[in-house]
Each structure stands twice: as C-alpha cells, then as structure tokens.
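S.K.: Sharing a sequence plus its predicted fold:
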Amino acid sequence: MSRKVCYLFLPLVVFFASCSVSKNYNPNKKFSPQELQQDYSLLRNILEKKHPAIYWYTPKDSMNFYFDSLYQNIKDSMTELQFGWNVIAPLTQKLRCGHTSFGMSKGWYKYIKDKQIPSFPLHLKVWGDTMALTVNLNKKDSILKRGTLVTSINGVRNHELIQQMFQYFPVDGYANSANYVRLSSNFPYYHRNIFGIFKNYRVGYIDSVGNERSVLLPMYFVVADSSKKIKRNALAKTPRWVVRKERRESDRSMIIDTSINTAIMTLNTFSTGGGRHLRSFMKRSFKKMRKEKIRNFVLDLRNNGGGDIGMYILLTSYLRKTAFKVADTVYMPSKYLSPYTRYIKHGLISNIGMFFLTKKHRDGKYHFGYYERKWFAPKRKNHFNGNAYVLINGPTFSASTLVCSALKGQDNIKLVGEETGGGWYGNSGVMIPDIKLPNTKLRVRLPLFKLVQFNHVSQKGTGIPPDIYIPTSREAIIKGVDKKMEVVKELIRNRQ
C-alpha cells in the first residue's frame with residue numbers, strides 16, 4: 001500500500017496555496033476539543049428531545065452507547081471537515097433515518113465551489129459486493145476500461161470496503177439500496193472523505209481472461225481549466241427564465257412512444273421548480289394521455305428523492321383506483337422546538353406551524369391530524385386506467401416512496417427495478433429544518449414528524465420491493481444502456 005499523503009484537509013494546503021481564499025473562511029481552521037464537544041453535546045440534546053424516531057431502529061441503550069463512544073473520540077482539535085466525517089456522519093448513520101444527515105457549513109461550500117481536489121481516480125458502479133468501472137479519470141491509463149471489475153482498493157476487498165463506507169451514510173432502516181446508488185454516483189468523493197487521499201492507489205481488478213491482477217494508479221488531480229471560467233461567464237449571461245426552464249425540464253419530462261402506444265414520464269423531484277409548475281405539468285400530461293388514448297404508462301421515479309407531500313397526493317390520485325390517505329400516523333414528540341429554537345433554521349416559523357397543525361393525543365404525542373384523517377379520492381377527469389409500470393431503485397425516497405406504497409398491489413400497476421431507499425413501513429420527515437451548530441457551523445437535518453405509511457406493512461426496516469426485479473447488469477454498464485427501461489418496453493411489446 002502506498003503511503004497516505006494526507007488526511008482529509010491537508011490537500012487543501014498543498015494544492016490550494018495559490019488559490020484565492022475567502023477572507024471570512026479558512027478550511028484549515030482547527031476547532032478546540034472543547035468547541036467540538038459543545039457542538040456535539042448540543043446536537044445530542046436536540047436529537048434526544050426533538051427527533052421523532054431516534055429509537056425507531058436503534059434501541060435507546062445502543063444509541064446511548066454510540067453517543068458516548070463518539071464523544072470520547074473528540075480528544076484533539078479538528079477541522080470542520082474532519083469533525084463532520086469522523087464524528088457527525090457516523091453518529092447520524094446510527095439513527096437509521098434517511099432524513100437525518102449532515103452537511104458542511106455555507107462557508108465551506110462557497111470556498112470549495114469550482115476548486116479541484118485530488119481524489120481516487122475511478123468512478124465505480126457498486127451493487128452487492130461488485131464494483132465495475134464506469135469512468136477512469138486518468139485518461140492516459142489504457143489498462144482499466146469501462147466495465148472492468150474492481151476487486152480491492154489498497155488491499156481492502158470489496159465487501160469490507162463497501163461495508164465500511166456504509167457506516168457513514170444515512171439510511172431508512174436497513175434499506176441499503178440507496179447507499180449503493182450513492183457510492184455509484186460519486187465514488188471518488190466518498191472515498192476521499194472517508195479514507196483520505198493517497199499519492200498512489202493499489203487497485204485489484206479482473207483482466208480480460210479472468211485473472212485477478214493489480215495496478216498502481218496515481219491520485220487524480222487536474223489544474224483548473226481557464227476555459228471553464230469562460231463557459232461559466234457565458235452561462236451567467238443566459239437569461240434567468242431560460243435557466244429556470246432548463247432546470248424544470250431536467251426535473252420532469254414526458255415523451256410518447258407511438259410505436260408501443262406508451263407515455264414515459266420522468267419525475268426526478270417533487271420539489272424543485274415549484275408546486276405550481278409541477279401541478280400544471282401533471283395536468284397537461286394526463287390530459288394528453290387521455291386525448292391520445294394512451295394505454296401504457298411508464299413512470300420513472302428512480303431519481304426522485306421526494307419533496308412536497310401535495311405532489312404525492314396529486315400524482316397518486318391520477319393512478320390509484322380507490323381513496324387513500326397520506327399516512328396512518330403522523331406525530332412529533334414535542335409541540336415546540338424550545339429551548340433549541342435559535343439553533344434551528346426557521347425555528348420560530350416551525351413553532352408557529354406546529355402550534356396550528358398538531359394536537360396532543362392520549363399517547364402523549366402531538367399528531368398531524370389532517371394527514372391522518374383526510375381521505376383523497378381518485379381523479380375522475382383524466383384518470384389513467386391502462387397498464388402502468390413504475391421504475392424504482394435506491395434514490396426513490398420520501399414522498400416518492402409514499403406514491404409507490406399507495407400504488408403497490410393495484411392490478412394494473414407494477415413496480416419495476418430495485419428496492420426503494422425510502423422505508424416501506426414509514427419514515428421521518430414532513431418538516432425538515434436544519435440544525436446549525438454554533439461553533440463549527442455544520443448543519444444537521446432534523447425531521448420533525450414520524451410518519452407511518454397509509455395501510456402500512458409490518459416494521460421490517462426494508463424499502464419497498466419491486467414486483468418485477470431487474471438488477472444491475474455489467475453488460476448494460478459496458479454498453480451504456482438503460483436495462484430497466486428496455487425490459488419494461490419489451491414487457492409492453494409482449495402484452496401487445
């Protein structure tokens with residue numbers, strides 16, 4: 001194994017010495033153990049008193065053990081980055097709540113914007129214990145090609161490596177499907193923040209004839225390209241309405257494949273772009289499907305992390321045949337955020353909202369009665385009654401999981417793909433403000449309500465399983481094709 005060059009923050013000193021640094025932010029600033037312990041103790045108090053599902057999957061005695069042991073790890077000074085990844089990330093993972101995650105300070109994000117940081121040189125698609133190369137950042141390397149199976153990094157075998165990295169990621173219950181996609185989205189980023197940066201990486205792989213070999217790869221680092229600055233300046237001159245339109249189109253789209261009489265709708269979020277635009281998009285889309293007599297519908301929720309519950313209600317009403325509710329149970333442990341209001345973003349507004357929206361029940365919890373009682377009827381106009389396929393996988397989360405749960409089991413709808421990352425039994429959310437730690441300025445998301453799904457299954461900690469399972473395919477990675485979409489289109493052709 002090559003000798004580690006630095007740990008998390010030192011590359012910033014080595015490579016960014018010539019970069020202009022914000023006068024108000026220093027990424028290499030170290031906080032004293034006392035400051036870190038103050039932030040940590042505050043976070044613990046808030047989570048113990050205000051988190052609605054802190055002991056949902058982790059018993060209180062186990063959670064106390066994790067709280068105490070991670071506190072004991074704060075012995076020396078740390079940078080913001082070290083404190084976040086060494087302490088806060090492992091802590092939030094223990095809650096097994098996908099909505100409880102940490103983020104760096106605003107100062108860090110402003111500082112790091114457009115800067116190049118050295119990292120592990122390979123992007124990998126990860127599933128099970130398998131890792132396959134998708135992008136080699138060191139383009140001069142002719143040995144490792146797209147689709148090459150990687151077996152180890154710096155002597156750590158795949159299974160152990162993946163399980164170690166999972167200890168830093170928030171997850172609903174035990175639905176690690178989200179973590180596989182998370183690693184696949186930016187493996188160098190997560191490897192760097194968890195293990196640090198190495199001058200060289202010893203990578204094990206399977207060669208073209210099936211033999212296991214290894215190769216020494218240099219870390220990836222590129223000098224900033226001045227042409228990118230020109231492109232950014234050109235983008236800045238683009239009219240705002242054009243930029244907003246492009247963003248909306250990337251968030252949702254619909255095309256009609258006349259060859260198989262199928263509408264394909266992609267919804268990547270229930271939030272971005274505003275509810276008004278998404279509502280009108282759905283209305284236009286289902287109206288068009290009715291007018292053109294579309295009999296097959298593919299709804300792609302594979303990148304939908306959730307958002308506005310109202311969008312879940314609207315979408316479900318176009319597809320579900322019977323009435324439904326948002327949830328069987330929605331409650332919070334406390335009516336107000338005090339005495340921690342000042343540490344929580346929009347804390348005062350949240351307090352006002354909770355005052356009007358919740359009511360204390362006999363169980364001592366403050367329930368969001370509207371979501372527990374209100375039944376929503378299916379749409380009469382433009383309701384889709386044909387054959388529908390809903391594409392799902394790990395990033396299908398939060399409100400999009402509510403959609404899948406409400407539609408699962410209906411005779412004309414099939415969930416296709418892989419298990420959702422959002423919990424089948426329920427999740428925590430509805431309102432999710434940020435906790436801002438006073439010393440390090442790190443942010444931790446705090447869901448205020450515990451939500452148990454409408455017509456819920458037993459609590460097992462899994463995501464929603466597909467009706468038709470389509471796993472990741474190495475062949476599809478090599479060819480660069482969307483296997484799940486291709487399988488669904490073939491199913492439609494066979495029905496015809």
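M.R.: Ah, there it is.

S.K.: wait, Ile264 sits on Met289?
M.R.: No - with contact defined as C-beta atoms under 8 Å, Ile264 does not reach Met289; the gap is 10.9 Å. C-beta: built from backbone N, CA, C; applies to glycine.

S.K.: What are the buried residues along stretch 448-455?
M.R.: For stretch 448-455, burial by neighbour count (16 or more other C-beta atoms under 10 Å) applies to 448-454.

S.K.: What about the nearest residue to Leu315 once chain neighbours are set aside, how many residues nearby?
M.R.: Leaving out its chain neighbours, the residue that sits closest to Leu315 by C-beta to C-beta, 6 or more residues apart in numbering is Val403, at 5.7 Å. By other C-beta atoms under 10 Å, the residues close to Val403 number 28.

S.K.: nearest residue to Leu133 other than its sequence neighbours?
M.R.: Using C-beta to C-beta, 6+ apart, the closest residue to Leu133 is Thr148 (4.4 Å).

S.K.: picking up where we left off before, in the buried residues of stretch 448-455, find the pair that's most separated.
M.R.: Farthest pair in those (C-beta to C-beta) is Leu448 and Phe454. Separation: 19.3 Å.

S.K.: Would you check that Ile256 makes contact with Thr262?
M.R.: Yes - assessed by C-beta under 8 Å, Ile256 is found in contact with Thr262 at 7.1 Å.

S.K.: So which of these two has more stuff around it?
M.R.: Set Ile256 next to Thr262 and count neighbours by other C-beta under 10 Å: Thr262 wins out with 23 against 16.

S.K.: Count the neighbours of the residue lying closest to Ser77 once chain neighbours are set aside for me.
M.R.: What sits nearest to Ser77 in space, not counting adjacent residues and going by C-beta to C-beta, 6+ apart, is Lys30, at 3.9 Å. By the criterion of other C-beta under 10 Å, Lys30 has 16 neighbours.

S.K.: Residues in contact with both of Ile256 and Thr262, list them for me.
M.R.: Residues touching both Ile256 and Thr262 (C-beta atoms under 8 Å, 6 or more residues apart in numbering): Ile294.

S.K.: Can you list the low-confidence ranges for this protein?
M.R.: Counting by pLDDT under 70, the chain contains low-confidence ranges at 1-23, 223-236, 241-246, 272-276.

S.K.: Torsion angles phi and psi at the most centrally placed residue in it?
M.R.: Against the mean C-alpha coordinate of the chain, by C-alpha atoms, centre = their mean, the closest residue is Pro395 at 5.7 Å. As for Pro395, its main-chain torsions (degrees, to the nearest 10) stand at phi -70, psi -10.

S.K.: Check the gap between it and Leu301 for me.
M.R.: Shown here: Pro395 relative to Leu301, a distance of 9 Å by C-beta to C-beta, to the nearest Å.

S.K.: likewise Ile112?
M.R.: Distance of Ile112 to Leu301, computed by C-beta to C-beta: 31 Å.

S.K.: just Ile313 next, same as before
M.R.: Ile313 is 15 Å from Leu301, by C-beta to C-beta.

S.K.: Which one of these two is surrounded by more residues?
M.R.: Neighbour count, other C-beta under 10 Å: between Ile313 and Leu301, Leu301 has more, with 28 against 19.

S.K.: about what we covered before: list the residues that contact both of Ile264 and Met289?
M.R.: Ile256.

S.K.: so Ser101 makes contact with Leu446?
M.R.: No - between Ser101 and Leu446 there is no contact under C-beta under 8 Å: 10.2 Å.

S.K.: of those two, who's got more company?
M.R.: Using other C-beta under 10 Å as the criterion, Ser101 and Leu446 rank with Leu446 on top: 27 against 18.

S.K.: ok, which stretches of the stretch 1-150 of the chain are strands?
M.R.: Using DSSP state E, counting those that start in this stretch, the strands assigned to the stretch 1-150 of the chain run over residues 4-6, 30-31, 78-79, 102-103, 122-127, 130-136, 149-153.

S.K.: List of residues touching the fifth one?
M.R.: Strand 122-127 is touched from outside by 131-137, 144, 150, 162, 180, 183-184, 186-188, 203, 217, 471-472, 477, with contacts defined as C-beta under 8 Å, 6+ apart.

S.K.: ok, 7 Å please
M.R.: Defining contact as C-beta atoms under 7 Å, 6 or more residues apart in numbering, one finds that strand 122-127 is touched by 131-137, 150, 162, 180, 183-184, 187-188, 471-472, 477.

S.K.: what distance separates it from the middle of the whole chain?
M.R.: Relative to the chain's own centre, strand 122-127 is displaced by 16 Å; criterion: C-alpha atoms, centre = their mean, to the nearest Å.

S.K.: try the second one
M.R.: For strand 30-31, the distance from its own C-alpha centre to the chain's C-alpha centre is 29 Å (C-alpha atoms, centre = their mean).

S.K.: Report the strands that pair with it, each with its relative direction.
M.R.: Applying DSSP bridges to the sheet, strand 30-31 is found paired with strand 78-79 (antiparallel).

S.K.: try the longest one
M.R.: Counting by DSSP bridges, the strands paired with strand 130-136 are strand 122-127 (antiparallel), strand 149-153 (antiparallel).

S.K.: Out of these, which gets nearest to Gln410?
M.R.: So among the strands paired with strand 130-136, strand 122-127 is nearest, using C-beta to C-beta, at 28.4 Å.

S.K.: how close does the residue nearest to the centre of the chain sit to Thr420?
M.R.: Separation of Pro395 from Thr420 (C-beta to C-beta): 9 Å.
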